[in-house]
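In: Quick one: sequence and predicted model below, then my questions.
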Amino acid sequence: MNSQLVVEVSGLKKSFGKFEALKDVNLTLHPGELLGFIGPNGAGKSTTIRVILGLIKATGGSAKVFGKNVWKDSVVIHKDLAYVPGDVYLWPNLTGGQTIDLLLHMSGQKHTKRTDDLIKEFKLDTSKKNRTYSKGNRQKVALIAAFSTDVSLYIFDEPTSGLDPLNELIFQQKVKQLKDSGKSVLLSSHILSEVEKMCDTISIIREGKVIETGSLESMQHLTRNAVTVKTAKSLGALQKMTGVYQLNFKNDQQTAAEFSVDSDQIGSVMAFLSQNQILQLKTTPPTLEDLFLRYYHADNEQKVGE
Amino acid sequence: MAQYTQTFALLKANLKRDWLKIVVWLVVLAGIFIAVAAKFQGIYGTHNQIQTIAQTLRSSAMKSLFGPLTHASLNTAIIFATEMAVFWAIFMVIFNYSLAVGASRGQEESGLTEMVLGGHPVGRLAPLSAAALELLVADGLFAIITGIGMTLANMPGSDGSGDWLFAISLAAVGWAFGMVSLLFSQLVADSHNVAIYNYAFFGVTYLVRMMTDVSNPDYTWWSPFGWIEKTNIFISNNWLPVWLFIILGIAAFAVAVVLNVNRDIDAGIIQVRGGKRRSGFLRGPATLLFWNQRSVSLFWLIGMALLGTSYGSVFNSIGKLVNDSPVIKQVLGQSGVRALEKNQILSFVGILGIIFTVLAIISGAMVINHLYTEERQGYLQLVNTTPHSRYYLLTTYVLYGAILSVVVLFATMMTTMAVGNATLSHPLAIKYYYRIFAAMLPVLALFLSILVCFIGVMPRLRSIVWILLGGAFIISYFGRLINLPNWAMKISPFYWFNKVPIREINGEPVVWMLAIAVVLMVIGYVGYRRRDYEN
């Protein structure tokens, strides 16, 4: 049983009328794994998750959770699953506290000390009516209910889009605790750094297709840092260093440069830079946008080559 | 004036969004109105026809439904005005309510108002003013179309002033109630509650109108809804009510403006209170539905019981024969008169059965509709990912809606009986009330099943059920007065029980109506299990 895949999606297709939302989605989530599912807005993350949850029916391919058909056996699957949507809408007339209790009851769970702790940690005023909550507070309600649910699979669909950095940190801690206690987690996001920090495996989706899946290490090439630097001495030697790409000097003396560098080479490059007396230094991790731009370019080049 | 900046731009946007809704309403409201006017001479053209219908209209039952017929010398146009005024005013109010809520609170709920006010140089009062102007445009169009149509219909006894007074007063009553609705939109923070306030206000004004019409028409001035009767169209053509409507509308709008300036966006003047931090009661979809619906359900029960009470209170005057000349009394004898009077009350109970059933269906259908609106609003995505099947969810809503409908209908019939029998010297046997109640159940099941079928298969078209219900109601309530042909009467499910409670229920229509209901229900269930959730 333990070796059984928690989520197994292969060749998944979904059309809405003529629009093909999902063309070819493949995902696997092993027990105890934390799978990051990233892609830009409209790529099909939520659609995939909604198929996995049995809310909408796949047009082709197969999707299984705990080895069961997500559409036919949705009720059985939902017994062992917790879900937090990206846009949480709650019944306006209930208070946050009542909603948490309701959600727990519906999943066959109980309001425990853990629930109270979560309410304290997320600093949620549970006596307020849902209609008065901001987006972030509604998300907290759903997150508290999900985190105090004891099941084996947790699905989060862009859960931190309304949270401030402090609450985002709490979220990351809680997800780590889930992982430490052997739970499986599917986390969709368009924020690369969030996924990078937490996930074992990452799947990238673009225009309804999963285009890359792998561990963080195997995707190291995706995590090049962009460096902007000014030094006192010339940086001409950078051209010959390994792991340095897209080098661009900003002046003739070659003391100001922009380039990107592989994460595993950053140590040696930094050492070299400091030898030349750094005046200014800025490094930024690549944004998801850069990543997708690269994929677009790759696609175009391929087309030219064909 | 800066706070009204861009009102016209918003008005244009509103009209662009609502034009189809407005056109459909106008075609139906103005179209049927003019068509009836054009056909009316054929129905009530001769002196004899007019005298016969006048007798009917003078009875208390008809007074309570249509308002009093005061004038002595009658003609076709006066009969038309008497039959149509109250009836059409109801539709105008519903039309304006639906527009007003959508353009004010509905728009704010969807986040549109916030975007428009927050990020663009638009005055704070512009959305409210645009909503008011939108109603003015819609009602103005109705007045113009209807006025021209009435002039062309040229009924015997009509005159230009009366034609236009009729058209404008109907537009004015709708507009004024729409303005009151804009006022309520400032008080509470969601469109659902605004609708409750709206219909509570309408209900009270309608009941006051009905009670005073039967007891003493002078007091009808106390109800804004009653003003529509005071126009005395084609008799004295009194324009005062139109001015009263305009004053009421402007006053309501002024109050709405003051309230709007003093409230935050997305909030109501009436503050939302905090509540309990824990709940042991809420355990699943069923308890959640009960929790969310309990106050509305109670509202329906009390409102309908009040309606039953007020109809019951006029039973003794309905029983009185209009033509109670000594000669007739002598011919019929004591028992003959009593039998005739009893029949008169019984057929009134039959009409009440239709009215109450339509309202009871609305109460239940609104609950079942919630299954879809909650799906669209995204509330259900957290329920649908818990271990409850779609069948269970649908059954929860259908059962709650059906039970509410049946209970509301039963309670209304029983309060009518209790109060009605108290006013009669020879009370009606309870079996008659049970009979009409039982006869209405298949109709109720049919309409709720149609709705379930739509929600399961084509939820976006679910509003068709309101058109069907409204159509059936108009045919059965109004068809006889405008001499609708028999085949048209048969379209309405109510037709098949129109002899109840005087006669026994005919078993055949019960069987096929329930059979259709079951088939539709099954289609709805299968469809609901198989379709995608929209949110």
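Out: Now that the structure is in, tell me what you want to look at. Numbering: from 1, shown residues only, chains lettered A, B, ... in the order given.

In: Can you pull the poorly scored residue ranges out of the stretch 301-450 of chain B?
Out: Where the stretch 301-450 of chain B drops to pLDDT under 70, the residues are B:321-325, B:328.

In: Would you mind naming what in it lies close to chain A?
Out: B:374, B:377-379, B:381-389 (Cβ under 8 Å from any Cβ of the partner chain). C-beta here means a position set from N, CA and C on the backbone, and glycine is covered the same way.

In: Quick check on these: which are buried?
Out: B:374, B:377-379, B:381-388 (16 or more other Cβ atoms under 10 Å in any protein chain shown).

In: For the stretch 101-250 of chain A, which segments count as helices?
Out: Along the stretch 101-250 of chain A, counting by DSSP state H, counting those that start in this stretch, helices occupy A:113-122, A:135-147, A:165-180, A:192-198.

In: now the ones you listed as CSV including mean pLDDT?
Out: CSV is the format used below for the helices of the stretch 101-250 of chain A (pLDDT from 0 to 100):
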stretch, mean pLDDT
helix A:113-122, 95
helix A:135-147, 95
helix A:165-180, 93
helix A:192-198, 78
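
In: Quick one: closest of those to chain B.
Out: Closest approach to chain B among the helices of the stretch 101-250 of chain A (Cβ to the nearest Cβ): helix A:135-147, 6.6 Å.

In: ok, and what's touching stretch B:80-91?
Out: By Cβ atoms under 8 Å, 6 or more residues apart in numbering or on different chains, the surrounding residues in contact with stretch B:80-91 are B:29, B:33, B:36-37, B:40, B:44, B:57, B:65-67, B:69, B:155, B:162, B:166, B:169-170, B:173-174, B:206, B:209, B:225, B:228-229, B:231, B:233-234, B:478, B:481-482.

In: Show me the strands in chain A, by range?
Out: Per DSSP state E, chain A carries strands over the ranges A:7-16, A:19-29, A:34-38, A:60-65, A:68-69, A:81-84, A:153-157, A:184-189, A:201-206, A:209-215, A:225-231, A:244-249, A:256-261, A:278-284.

In: deepest of the ones you listed, which one?
Out: Comparing the strands of chain A by mean neighbour count (mean count of other Cβ atoms under 10 Å in any protein chain shown), strand A:81-84 ranks first with a mean of 27.

In: So it, near chain B or not?
Out: Yes. Counting by Cβ under 8 Å from any Cβ, chain B is contacted by strand A:81-84 at A:81-83.

In: In chain A, where is pLDDT below threshold?
Out: Short version for chain A, where the test is pLDDT under 70: A:1-3, A:216-223, A:286-306.

In: Break chain A into its domains for me.
Out: A:7-220, A:224-284 (automatic domain parsing).

In: The ones you listed: which one's closest to residue B:300?
Out: domain A:7-220 (17.1 Å; Cβ to Cβ).

In: residue contacts, residue A:178?
Out: Residue A:178 neighbours (Cβ under 8 Å, 6+ apart): A:147, A:154, A:185.

In: and which of the residues you listed is nearest residue B:253?
Out: Out of the contacts of residue A:178, the member with the shortest distance to residue B:253 (by Cβ to Cβ) is residue A:147, at 49.1 Å.

In: now that closest one: how far from residue A:122?
Out: Distance, residue A:147 to residue A:122, by Cβ to Cβ, to the nearest Å: 9 Å.

In: element containing the residue nearest to residue B:464 when sequence neighbours are not counted, please.
Out: Leaving aside its sequence neighbours, residue B:464 sits nearest to residue B:454 (Cβ to Cβ, 6 or more residues apart in numbering or on different chains; 6.7 Å). According to DSSP states H and E, residue B:454 maps onto helix B:430-457.

In: now the angle between helix B:430-457 and the very next helix or strand once past that helix, please.
Out: Note on helix B:430-457: by DSSP H and E, the next helix or strand toward the C-terminus is helix B:464-478. Orientation check (axes from the mean of the first three to the mean of the last three Cα atoms, to 10 degrees): helix B:464-478 against helix B:430-457 gives 150 degrees.

In: Name the residues that touch helix B:464-478?
Out: B:32, B:87, B:351, B:354-355, B:358, B:361-362, B:365, B:447, B:450-451, B:454, B:484, B:488-489, B:491-495, B:498.

In: Make a PyMOL selection of whichever of these turn out to be buried.
Out: Only the buried entries of those go into this PyMOL selection, using 16+ other Cβ under 10 Å:
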select buried, chain B and resi 32+87+351+354+355+358+361+362+365+447+450+451+454+484+489+492+493+494+495+498
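
In: Show me the contacts of helix B:464-478 that map onto helices.
Out: In this view, the contacts of helix B:464-478 that belong to helices under DSSP state H are B:32, B:87, B:351, B:354-355, B:358, B:361-362, B:365, B:447, B:450-451, B:454, B:488-489.

In: Would you mind giving the domain segments of chain B?
Out: Split by automatic domain parsing, chain B gives B:1-42+B:84-271, B:298-535.

In: and of the ones you listed, who's closest to residue A:127?
Out: Across the domains of chain B (criterion: Cβ to Cβ), the nearest stretch is domain B:1-42+B:84-271, sitting at 14.0 Å.

In: Columns distance to residue B:313 on top of the contacts of residue A:178, output as JSON lines?
Out: Formatted as JSON lines, these follow (distance: Cβ to Cβ, whole Å):
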{"residue": "A:147", "distance to residue B:313": "59"}
{"residue": "A:154", "distance to residue B:313": "61"}
{"residue": "A:185", "distance to residue B:313": "66"}
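
In: which of the residues you listed lies closest to residue B:509?
Out: When the contacts of residue A:178 are compared against residue B:509 (criterion: Cβ to Cβ), the nearest one is residue A:154, at 54.7 Å.
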